[in-house]
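# Just the structure for this:
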Amino acid sequence: MNNPSNLIGSNYSGDFVQSSLLATSFLSENPLDLSSNLLPNSYQSISRSSAPGHSLIFVDTTVAFYEDLVSSVIPGTEVIILDAAQDGITQITNVLSQRQGISSLQLLSHGATGGFQLGQSYYNLAALSQRSSELASWANALTEDADILLYGCNIASAIAGIQFVNYLSQMTGADVAASDDLTGYVGFGGDWNLEVATGTIESSFAIDAQNLSGYRGVLQYLSDLPWSAVTNGWGPAERDRANGEEGATDGGTITLNGVTYAKGVGVHAGSEIIVPLNGAYTRFTADIGIDDYVGFRGSVNFQVYGDGSLLFDSGVMTGTSATRAVNVDLTGRNTLRLVVTDAGNGNGYDHANWANAQLIESTTGPDTTVPTAAANLTNVSLGGASTYDFTVTYTDNRAVDIST
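All right, here's what the predicted structure looks like:
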């Protein structure tokens, strides 16, 4: 374990790249690739006993295709599937209170700059600081040189991410490593490297390296993705906040019928968000409704379009409407358009939320095969001037050469 008061630098050991940590930021000079030295594929059933050197991985079920990752856990690893409806920190604390000798504690979840998501709750530095006694108790289950590995997008990015990793290390006494970029499928810009660490990291990822290349998920939300265009009825659309009318960060917590959401997009009717898909996603999911901030007031209509086709229409929803779940198929679509209208009666109090909005990646990746098409020809003259009447039908949006 590291000395919490002396985190000015260290080296990775074992078979990993030797790389010093910068004294001011604890960023490694080279990425730490934890997927390069793993054991053959196997699945280890949940075990209730722990021995020195034991590895324990907690998995958040909001991660796309988490079952594929769980099925590839290497031997000797205990797997705990977290209940998305329960507090994540409490669940981890309760499990660790019954364990000893954990040398590698790993967390597989969604992430964002300076925090991670467990179920419906988002834990940043402020949230962790309120749970300091629970975090400190984790040390009782850990070995003296234990590592905590955080697999989720952008957790350690920017100053907020470095502070988050540093604080978790100080509270638990463990060496902590996390990613400062996208985590997951390389085809969507992700990787399985943990680029930021405190102390000496001796653990490797608990998922079989041979199966990581086949995993097609990236651990992020709609609010973490780029949008190609956005309009909003009042002020800007806000990422991971309810609409606050004036600034990009003046909105409150996204709340629908008493349920709070750490992730999502807050808008005001009429609103339109366009997201490029490029055929890489199969599904869009979200909880929708008018934010609790406006009470019973407001009336809106949510619509989801894929390549110009209407895929979902909520009908009129008011401040008293129950939260609705959106779950639409996007297979083969290249553009997603999210629309919120004022339901035809003006946009007063129309603070609407796309809560917990996620794009689920395709398990097969985008189709990059050049399409082909069959032509049905009629009225063909073989002498003199030729007339060709034919139709070509295909579903791909790429150009097809029909000259032959």
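# Now do the helices in the chain.
66-70, 88-96, 125-129, 132-137, 158-172, 209-212 (DSSP state H).
# Tell me how many other residues crowd the nearest residue in space to L359 that is not next to it in sequence.
Once flanking residues are discounted, L359 sits nearest to Y281: 4.6 Å by CB to CB, 6 or more residues apart in numbering. (C-beta placed from N, C-alpha, C; glycine too.) Residues near Y281, counting by other CB atoms under 10 Å, number 25.
# Make residue 1 into 93 and carry on from there
Got it, first residue is 93 now, which makes that one Y373.
# What residues does Y373 make contact with?
422, 425, 428, 451-454 (CB atoms under 8 Å, 6 or more residues apart in numbering).
# if we go to 6 Å?
422, 451, 453 (CB atoms under 6 Å, 6 or more residues apart in numbering).
# do F208 as well
Per CB under 6 Å, 6+ apart, neighbours of F208: 201, 215, 244, 247.
# Using JSON lines, lay out these together with pLDDT.
Listed next are the contacts of F208 as JSON lines, based on pLDDT from 0 to 100:
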{"residue": "S201", "pLDDT": "90"}
{"residue": "Y215", "pLDDT": "90"}
{"residue": "G244", "pLDDT": "89"}
{"residue": "I247", "pLDDT": "92"}
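# isn't A289 right up against A269?
Yes. A289 is within contact range of A269, at 4.0 Å (criterion: CB atoms under 6 Å).
# Low-confidence regions, the chain specifically.
Along the chain, segments meeting pLDDT under 70 span 93-145, 212, 277, 279-280, 301-302, 305-312, 454-496.
# Name the nearest residue to S249, sequence neighbours excluded.
Closest to S249 by CB to CB, 6+ apart is D272, at 4.2 Å.
# From D239, how far out is R425?
Using CB to CB, to the nearest Å, we find R425 at a distance of 41 Å from D239.
# The two: which has the busier surroundings?
Between R425 and D239, counted using other CB under 10 Å, D239 has the larger neighbour count: 28 against 22.
# can you count the residues close to the residue lying closest to the more buried one once chain neighbours are set aside?
Distances taken as CB to CB, 6+ apart place S295 nearest to D239, at 4.2 Å, with adjacent residues excluded. Around S295 there are 21 other residues, counting by other CB under 10 Å.
# could you dump the helices of the chain to JSON lines with mean neighbour count and distance to T347?
Below are those laid out as JSON lines (neighbours: other CB atoms under 10 Å; distance: least, CB to CB, whole Å):
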{"stretch": "helix 158-162", "mean neighbour count": "18", "distance to T347": "26"}
{"stretch": "helix 180-188", "mean neighbour count": "18", "distance to T347": "19"}
{"stretch": "helix 217-221", "mean neighbour count": "14", "distance to T347": "16"}
{"stretch": "helix 224-229", "mean neighbour count": "14", "distance to T347": "25"}
{"stretch": "helix 250-264", "mean neighbour count": "20", "distance to T347": "23"}
{"stretch": "helix 301-304", "mean neighbour count": "17", "distance to T347": "37"}
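# can you list the ones you listed in JSON lines and add distance to V386?
Output for those, formatted as JSON lines (distance: least, CB to CB, whole Å):
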{"stretch": "helix 158-162", "distance to V386": "35"}
{"stretch": "helix 180-188", "distance to V386": "29"}
{"stretch": "helix 217-221", "distance to V386": "26"}
{"stretch": "helix 224-229", "distance to V386": "35"}
{"stretch": "helix 250-264", "distance to V386": "30"}
{"stretch": "helix 301-304", "distance to V386": "45"}
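# Which one of the ones you listed lies nearest to E364?
Among those, the nearest to E364 by CB to CB is helix 250-264 (29.2 Å).
# Run the chain-centre distance for that closest one.
When distances are taken as CA atoms, centre = their mean, to the nearest Å, helix 250-264 is centred 20 Å away from the chain's centroid.
# looking at the helices of the chain, which is closest to V278?
Comparing those by CB to CB, helix 301-304 comes nearest, at 9.1 Å.
# Quote the end-to-end distance of stretch 165-181.
In stretch 165-181, first residue to last residue: 22 Å (CA to CA, to the nearest Å).
# just stretch 283-291 next, same as before
22 Å.
# before we move on, back to that, which of the helices of the chain sits closest to I173?
For the helices of the chain, proximity to I173 was assessed by CB to CB; helix 158-162 is nearest, at 7.3 Å.
# So which residues of the stretch 343-492 of the chain form strands?
Under the criterion DSSP state E, counting those that start in this stretch, strands of the stretch 343-492 of the chain are mapped to 346-348, 351-353, 356-360, 363-368, 373-382, 391-398, 401-410, 416-421, 427-433, 443-453, 467-470, 481-484.
# can you put the ones you listed in TSV and add distance to F256?
Listed next are the strands of the stretch 343-492 of the chain as TSV, based on distance: least, CB to CB, whole Å:
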stretch	distance to F256
strand 346-348	21
strand 351-353	20
strand 356-360	21
strand 363-368	27
strand 373-382	26
strand 391-398	33
strand 401-410	36
strand 416-421	31
strand 427-433	30
strand 443-453	21
strand 467-470	59
strand 481-484	54
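# In contact with the residue nearest to H443 when sequence neighbours are not counted, which residues are there?
Once flanking residues are discounted, H443 sits nearest to D383: 4.3 Å by CB to CB, 6+ apart. For D383, the contacting residues are 334, 347, 443, 445, by CB under 6 Å, 6+ apart.
# Test my guess that the second one contacts D384.
Yes. Distance between T347 and D384: 4.2 Å, which falls inside the contact criterion (CB under 6 Å).
# So for the two, which sits in the more crowded spot?
Neighbours per residue (other CB under 10 Å) separate T347 from D384, with D384 holding more: 20 against 17.
# and I382, how far is that from D332?
Distance of I382 to D332, given as CB to CB: 18 Å.
# Neighbour count: the two, which is higher?
I382 (28 against 20).
# how near is that one to D405?
Distance from I382 to D405, by CB to CB: 16 Å.
# for L274, same thing?
Taken as CB to CB, the span from L274 to D405 is 32 Å.
# okay, these two: which has more neighbours?
Neighbour count, other CB under 10 Å: between L274 and D405, L274 has more, with 20 against 12.
# Skipping its backbone neighbours, what lies nearest that one in space?
G282 (4.0 Å).
# What about the one you found, how many residues nearby?
Neighbours around G282, by other CB under 10 Å: 21.
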